[in-house]
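Undergrad: Predicted model and sequence below, questions to follow.
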Amino acid sequence: MDLVCVGDVMLDVHVASGALARGGDVHGHVAIRPGGTSANAAVWAAWAGASSAVIAAVGDDLAGTLCVEAVAGRGVEVGGVVRRASPTGVMVVMSEDGDRSMVADRGANAHLEAADVQGIEAAAVLVSGYLFLQEPGHDVAVAAIGSVHTPLLAVEAASWPLLEAFGVERFFDETRSCDVVLANEREARVLTGADGDAARALGERYRFAAVKRAANGATLIAEGRLVAADGEAVEEVEATGAGDAFDGVLLSSLARGREPEEAIARACHAGALVAASRATWPEETGA
């Protein structure tokens, strides 16, 4: 297996409108689709030609069934997705006049258990920051990190408010066995206190450190070497999930032996495809 993604499968509800009429209603665009950071990354890895799997928990409900079937339909192994009595998780993404906010109900994702993540083997493993940085779930992420068999163990920073609440030194201490850290610019700033040199600062702690810079591309420290990729010129429609696509393609590319320059370029291309579309997942055909 090229890439195993540990963490979350859930429903995404995307709502886009102009200014809301507080207490009233307005017209807008509403889309409901399967998602979750782990599912997204695994789907994009499969699109890029890699073998991928996801380990997560969904509810014993219609939403869970639909999500699992959709992920499997994109060529991702779903044998590690377990069912729980809690409802399937839901993420609501609200875009109002170009400003994006999110509300998450973790649902069954919060009930993944340590026994579900023991002894994972793959060329690369990605542990979701949403699992690692929150309770319940943190102990499960720690169990995965401690028992995994992989040459490329990655953790993604997920959310700057969660990072601040969790604590930077604790994050570094508990991920010291990881090979890769993945963060956007604001998350990297929280972790390092730096702006332009954040990737280098993280690269002193991890073999690979990627800082995603949205339309400006990304920077990767690959075993001490700086590798950068420019962003593609696209008209942004909906950027939610672009970072997950980047993560899945970058890690699976590195796992399959691609050079860092090619891996980061492919990852930035995947992120740009998401940002330029209302769809979080790729077209059926791969890269």
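TA: Received it, and whenever you're ready, just let me know what you need. Numbers count the residues shown, from 1 in each chain.

Undergrad: and the gap between Gly231 and His269?
TA: Using C-beta to C-beta, to the nearest Å, we find Gly231 at a distance of 10 Å from His269. (Each C-beta comes from the backbone N, C-alpha and C, glycine too.)

Undergrad: which neighbours do these two share?
TA: Counting by C-beta atoms under 8 Å, 6 or more residues apart in numbering, no residue touches both Gly231 and His269.

Undergrad: which residues of the stretch 1-150 of the chain fall in helices?
TA: Applying DSSP state H, counting those that start in this stretch to the stretch 1-150 of the chain gives helices spanning 37-47, 62-73, 129-132, 138-147.

Undergrad: distance between the third one and the chain's centre?
TA: Computed by C-alpha atoms, centre = their mean, to the nearest Å, the chain-centroid distance of helix 129-132 equals 10 Å.

Undergrad: Now that helix: average pLDDT?
TA: The average pLDDT within helix 129-132 is 96.

Undergrad: what helices or strands is that helix leaning on?
TA: Counting contacts by 3 or more C-beta pairs under 8 Å, 6 or more residues apart in numbering; DSSP states H and E, helix 129-132 packs against helix 138-147, strand 153-156, helix 160-166.

Undergrad: To Asp244, which of these lies closest?
TA: strand 153-156 (8.4 Å; C-beta to C-beta).

Undergrad: So what's the model's average confidence on stretch 93-111?
TA: Rounded mean pLDDT across stretch 93-111 is 83.

Undergrad: Identify all contacting residues around that stretch.
TA: 7-10, 12-20, 36, 56-59, 64, 83-84, 86-92, 130-131, 134, 136-137, 238-240.

Undergrad: Switch the helices of the stretch 1-150 of the chain over to CSV; also include distance to Glu283.
TA: Formatted as CSV, these follow (distance: least, C-beta to C-beta, whole Å):
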stretch, distance to Glu283
helix 37-47, 8
helix 62-73, 13
helix 129-132, 26
helix 138-147, 31
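
Undergrad: For Ser253, which of these is the nearest?
TA: Ranked by C-beta to C-beta, the member of the helices of the stretch 1-150 of the chain that lies closest to Ser253 is helix 37-47, at 8.6 Å.
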